[in-house]
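>>> Next come a sequence and a model predicted from it.
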Amino acid sequence: MEKIDIKSLTKEELTNKIKEMGESGFRAGQIYDWMHKKQARSFDEMTNLSKALRDKLATECDFVSLRIERVQESAIDGTRKYLFALSDGNLIESVFMKYKFGNSVCVSSQVGCRMGCRFCASTLDGVERNLSASEILDQIYSIMKDTGEKISRVVVMGSGEPLDNYDNILRFIQLLSDENGLNMGQRNITVSTCGIVPNMYKLADEKLQINLAISLHASNQAKRQELMPIANKYSIDELMDACRNYFEKTGRQLTFEYSLVGGVNDTDDDADELAALLSDLNCVVNLIPVNPIKERDFVESTRKRVLDFQKRLEKRRINATVRREMGRDIDGACGQLRRRHIEENS
Ligand code: SAH
């Protein structure tokens, strides 16, 4: 019999399961509270349950609890990068960032990624598998336990493409924002996608209050195709239509991520074309100087170029921010730490 991934169950599903086991619904509330409010690391910590029930739960259910394989802390800004081991031995990365207004965690949604973006380290070996809702959630719980800190924002911007793991991401959002769990406001949750158009339409209809970020990285179809293979499947025009639809349905301002690659997408003409492309959208552009990875020869734009690019967008009435670079000294870019760890240990 396959074990149930208990930490991925909603409170209602858990209640049904516990009743099936011949226990009262009240027990389900206690178990849910241990898992999602107290961030228990095992059934044995659930001391208000009988030993018999804890043993029964352990026989029938998997208790997902990530193991910290390695942590790197930035000497510059206190950013902590975690490498977690999953129960099948796969490794994933998450990042803890301290900001003035609160702490953020960046979580991974898949082991590896199959989207193939040219500048990204996560995708070099393709995708291994999807993460379950509990594996995504436990990145946050493990970091809370390890740091003893509260987390006020979550971004799904680590390794993997969240909209390529749609059902589990939705379940994750539901659990994270559940009032019986961490109760995180959906406005404090951001999902970042490379632009899987059909799933952006689907997401727009889910009646969520989350923020959607779109990895754009180019202002026209030809350039985007060079950097992001997904553009071969969904054109930039189709992507923009999906963005407009998302805004119309949810009323949520969109964020466009734009990684500046020296000499590739960072010229004045690129900025002008980008401003024109986004002129009718309620959005903000987040400029990220590309974080060079050793497997590719992309270089980051100079500081002056980044600021000029930002100014040019703002002159054309497009809000643009420059992403504060955090954890540059600790393999901060997606997938770098995992790769290095695997290389060093193979
Ligand atoms: N698959 C999702 C989320 C993960 S990537 C997406 O594509 O949005 C998070 C962001 O980091 C994306 O905008 C991605 O394009 C960007 N990114 C990946 N590698 C990078 C690098 N080396 N330098 C700068 N940005 C990078």
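Sure thing, it's come through.

>>> Give me the mean pLDDT for stretch 150-157.
The average pLDDT for stretch 150-157 rounds to 97.

>>> What of stretch 79-92?
96.

>>> Stretch 178-193 now?
Mean predicted lDDT for stretch 178-193 stands at 98.

>>> what about it, near the ligand?
Yes - applying C-beta under 6 Å from any ligand atom, one finds that stretch 178-193 is in contact with the ligand at 192, 193. Glycine gets a C-beta too; all of them are placed from N, C-alpha and C.

>>> Same question for stretch 223-234.
No - counting by C-beta under 6 Å from any ligand atom, the ligand has no neighbours in stretch 223-234; the shortest distance is 7.7 Å.

>>> ok, and what's touching that stretch?
Applying C-beta atoms under 8 Å, 6 or more residues apart in numbering, the set of residues contacting stretch 223-234 from outside is 115-119, 194-197, 215-218, 221, 236, 239, 242, 261, 264-265, 270.

>>> distance between the ends of that stretch?
Across stretch 223-234, the terminal residues are separated by 14 Å (C-alpha to C-alpha, to the nearest Å).

>>> before we move on, the earlier item: generate a PyMOL selection restricted to the buried subset of the contacts of stretch 223-234.
Selecting in PyMOL just the buried members of those, where the criterion is 16 or more other C-beta atoms under 10 Å, is done with this command:
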select buried, resi 115+117+119+194+195+196+197+215+216+217+218+236+239+242+261+264+265+270
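
>>> can you narrow the contacts of stretch 223-234 to ones near the ligand?
Answer for the contacts of stretch 223-234 near the ligand (C-beta under 6 Å from any ligand atom): 115, 117, 119, 194, 215.

>>> quick one: which of the contacts of stretch 223-234 sit in strands?
Of the positions in the contacts of stretch 223-234, residue 215 sit in strands, assigned by DSSP state E.

>>> check contacts around the residue nearest to the spatial centre of the chain.
Nearest to the geometric centre of the chain sits residue 156, at 1.4 Å (C-alpha atoms, centre = their mean). Taking C-beta under 8 Å, 6+ apart as the definition of contact, the neighbours of residue 156 are 106, 107, 109, 136, 162, 169, 172, 189, 190, 191, 192.

>>> The stretch 51-200 of the chain: helices as residue ranges?
51-60, 133-147, 166-176, 197-204 (DSSP state H, counting those that start in this stretch).

>>> Secondary structure element holding residue 49?
According to DSSP states H and E, residue 49 maps onto no helix or strand at all.

>>> ok, it - how many residues close by?
Counted with other C-beta atoms under 10 Å, the neighbours of residue 49 add up to 19.

>>> hang on, it packs against residue 31?
Yes - with contact defined as C-beta atoms under 8 Å, residue 49 reaches residue 31; the gap is 7.1 Å.

>>> Any residue of the strand ranked longest in the chain touching the ligand?
Ranked by residue count under DSSP E, the longest strand found in the chain is strand 91-99. No - contact of strand 91-99 with the ligand (C-beta under 6 Å from any ligand atom) is absent, the minimum separation being 10.8 Å.

>>> Start the count at 35 instead of 1 going forward.
Okay, residue one is now 35; in that scheme the one you just asked about reads as strand 125-133.

>>> Just the buried residues of that strand, please?
Judged by neighbour count (16+ other C-beta under 10 Å), strand 125-133 contains these buried residues: 125, 126, 127, 128, 129, 130, 131.

>>> At the contact with the ligand, which residues of the protein appear?
For the chain, the residues in contact with the ligand under the definition C-beta under 6 Å from any ligand atom are 149, 151, 153-154, 191, 195, 226-228, 249, 291, 293, 322, 324-325, 327, 367-368.
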